[in-house]
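Novice: got a structure for you, letters missing:
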């Protein structure tokens, strides 16, 4: 099963800041890379996902940047808000399963 | 909007007891999964299920675990003889397409005493 390395482990930004979370993956036969957002006591919820045929995808304030040759992808949150405070997980697909990164706990201070 | 549901939300059991965690996946999904998350740690894959059989399982999913789709809507995870280290949040997920978006339920918090 493949490994996914996620950093940083935690992140504190001020409201309006742009937190960046990074992930690196190993080989994969699938071309779909999601980010999940998890609030305390809740299940992970799909935030945004990208296919490596593009290098960037934006949905609202969330942007994924993808570097296929480096096997890395990152999440940027523009104009971050206190409501964005949550744990963020990247994931890489494998056969019939997602391998999750270790998570980044983001705190956006008012 | 359709969602994955799970019951119970919390379960407390004694070590050695059997527990059954229940899930109702999104109705037109074909792929079903169980994951677990030990407190403060990452989400770990347990098992995937497709076409009424296990399609993939992790090393965590040993002989104490089993899954079943007893009817057209429910998907269950059974732990035969619980251990202290089974205490975790268990998430069910479902998806329409293999290798793509998986939708997670709210989880069952299992505490083994």
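Specialist: That came through, no problem. None of these values were measured; they are calculated from a predicted model. Numbering: from 1, shown residues only, chains lettered A, B, ... in the order given.
Novice: Where does pLDDT dip in chain A?
Specialist: A:1-2, A:28-30, A:95 (pLDDT under 70).
Novice: what do you get if the cut-off is 90, keeping everything else the same?
Specialist: For chain A, applying pLDDT under 90 flags the ranges A:1-4, A:25-33, A:40-42, A:51-55, A:66-71, A:92-99.
Novice: helices or strands next to the longest strand along it in the packing?
Specialist: In chain A, with assignment by DSSP state E, the single longest strand is strand A:86-94. Applying 3 or more Cβ pairs under 8 Å, 6 or more residues apart in numbering or on different chains; DSSP states H and E, one finds that strand A:86-94 contacts strand A:4-7, strand A:20-25, strand A:33-38, strand A:72-77, strand A:97-100, strand A:104-109. Bear in mind the C-beta positions are built from the backbone N, C-alpha and C, glycine included.
Novice: Go again with 6 Å.
Specialist: strand A:20-25, strand A:33-38, strand A:97-100 (3 or more Cβ pairs under 6 Å, 6 or more residues apart in numbering or on different chains; DSSP states H and E).
Novice: Residue A:10: which of these is closest?
Specialist: strand A:20-25 (10.3 Å; Cβ to Cβ).
Novice: In its sheet, which strands sit next to the closest one, and in what direction?
Specialist: According to DSSP bridges, strand A:20-25 has the following sheet partners: strand A:4-7 (antiparallel), strand A:72-77 (antiparallel).
Novice: Of those strands, which stretch is the most buried?
Specialist: Of all the strands paired with strand A:20-25, strand A:72-77 carries the top mean neighbour count, a mean of 20, counting by mean count of other Cβ atoms under 10 Å in any protein chain shown.
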